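Asker: generate a structure from the sequence data that follows.
(4 chains)
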Protein chains: 2
Amino acid sequence: MTEAQQPGFSRCNNATLRRAARRLGRFYDDALAPSGLKGTQFGLLFQIHVGGEPAMGAIADALIMDLSALGHTLKPLIRDGYVETFADKDDRRIKRIRLTPQGQAKLDEAIKLWSAAQRQFEDKVGAEQAAHLRAALDAVADLDLEIAGAAPSS
Amino acid sequence: MTEAQQPGFSRCNNATLRRAARRLGRFYDDALAPSGLKGTQFGLLFQIHVGGEPAMGAIADALIMDLSALGHTLKPLIRDGYVETFADKDDRRIKRIRLTPQGQAKLDEAIKLWSAAQRQFEDKVGAEQAAHLRAALDAVADLDLEIAGAAPSS
DNA sequence: TCCAATTAGTGGCATATGCCATCTTTCGGA
DNA sequence: TCCGAAAGATGGCATATGCCACTAATTGGA
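Answerer: So this is what the prediction gives:
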């Protein structure tokens, strides 16, 4: 009759999500390994690709990622010559990002590997189930959560 | 008509999962902040708590975490005196883990904070929806995925 | 009984993420 | 026009995770 048995325990939504993320992350990482990219990097390159020379802040918002975290994650990709940054013409505070030709090529290469992983995943769980899951996850990502006490004031 | 528009693109299950994980992770981290623990650390302490002096490998399996990653993650908790390790009586290769009294107290403290976050999350999405989501995530975590080419031999 | 294969962890290295302090560039008034 | 507030990014620091190489203990035969 410890807390462990109380209903609701060992049912942490966050822990469950991270656990699944670790599992799936490794699967996609393995699939992308031949390209030398990690799943996160692939996602980032793709986001930049479809973003049209997006600003750092735009990418960070889209990926629900901290701006400084994005900066850190970008470094190896810049170092390896896959992406490059340049200042916005009208607002020098803003830094925009684009893929280099090598980055575009690497993305094309990785997309083939990604497709195989994506296909296998959907074969296992079913395309509809996968779509439902993604919808549920997107809903979670868009939730307006706030810790009680976090100044609703002013 | 670039790849971006092809059905299936920008629908990466892995990217969607990570995105939601970042969002929810920050929410739980914020909720637990007063205790000084991160969501991951809370989950780890709880797992140790219910595990009954579990071996490192057992924890790693339960959390679908790499053994060495578990070792790294454990360090700050050991440093702060929340958990301690000891060798298994029968097999000296095995290292077992348990909470210290301070660790137990910290866990109790964190559980109160966690409950508030958990409650708010379930109020927003609905307890049933949350349960469904966790079930789906557990199913993903238990999938038998393997990259084509990964030696089916021997 | 002794050695090869297996099992459990550790340490080093690299990426993934966040928070906070700080700097630069803009933007809005007074 | 000048200054303080706001916006966008960087750098430092800390945790989260993984892979690989390596070490220590065990286990299974020969």
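Asker: all contacts plus neighbour counts: C-alpha atoms, from now on.
Answerer: Fine.
Asker: okay, now the unreliable bits of chain A?
Answerer: Residues of chain A meeting the criterion pLDDT under 70: A:1-10, A:148-154.
Asker: quick one: the helix ranked longest in chain A near chain B?
Answerer: The longest helix of chain A (DSSP state H) is helix A:101-125. Yes: interface with chain B: helix A:101-125 contributes A:117-118, A:120-121, A:124 (C-alpha under 8 Å from any C-alpha of the partner chain).
Asker: give me the buried subset of those residues.
Answerer: With neighbours counted by 16 or more other C-alpha atoms under 10 Å in any protein chain shown, those contain buried members at A:117-118, A:120-121.
Asker: quick one on the thing from earlier: turn the residues of helix A:101-125 next to chain B into TSV, including distance to DNA strand D.
Answerer: Written out in TSV, the entries for the residues of helix A:101-125 next to chain B read as follows (distance: C-alpha to the nearest atom of the strand, whole Å):
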residue	distance to DNA strand D
A:Ala117	15
A:Gln118	18
A:Gln120	18
A:Phe121	17
A:Lys124	21
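Asker: around DNA strand C, which positions in chain A sit nearby?
Answerer: Of all the residues in chain A, those in contact range of DNA strand C (C-alpha under 7 Å from any atom of the strand) are A:38-41, A:64-70, A:72-74, A:76, A:90-93.
Asker: which PyMOL command selects the buried ones in those?
Answerer: For anyone working in PyMOL, the buried entries among those, judged by 16+ other C-alpha under 10 Å, can be selected with:
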select buried, chain A and resi 38+39+40+41+64+65+67+70+74
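Asker: quick revisit: can you give me how far the longest helix of chain A is from the chain middle?
Answerer: Taking C-alpha atoms, centre = their mean, to the nearest Å, one finds helix A:101-125 lying 15 Å from the centre of the chain it belongs to.
Asker: what residues of the helix or strand that comes right after that helix count as buried?
Answerer: As assigned by DSSP states H and E, the chain's next helix or strand after helix A:101-125 is helix A:127-141. By neighbour count, and taking 16+ other C-alpha under 10 Å as the criterion, the buried residues in helix A:127-141 are A:130-131, A:133-134, A:136-137, A:140-141.
Asker: could you do stretch A:93-105 as well?
Answerer: In terms of neighbour count (16+ other C-alpha under 10 Å), stretch A:93-105 has its buried residues at A:95-99, A:103-104.
Asker: check stretch A:48-62 too.
Answerer: For stretch A:48-62, the buried set under the neighbour-count rule, 16+ other C-alpha under 10 Å, comprises A:48-49, A:53-60.
Asker: contacts for it?
Answerer: Contacts of stretch A:48-62 with the rest of the structure, by C-alpha atoms under 8 Å, 6 or more residues apart in numbering or on different chains, involve A:47, A:66-67, A:70-71, A:94-99, A:104, B:4.
Asker: 10 Å instead, please
Answerer: Contacts made with stretch A:48-62 from outside it, assessed by C-alpha atoms under 10 Å, 6 or more residues apart in numbering or on different chains, are listed as A:42-45, A:47, A:63-71, A:74, A:83-88, A:94-99, A:103-104, A:107, B:2-5, B:10, B:19.
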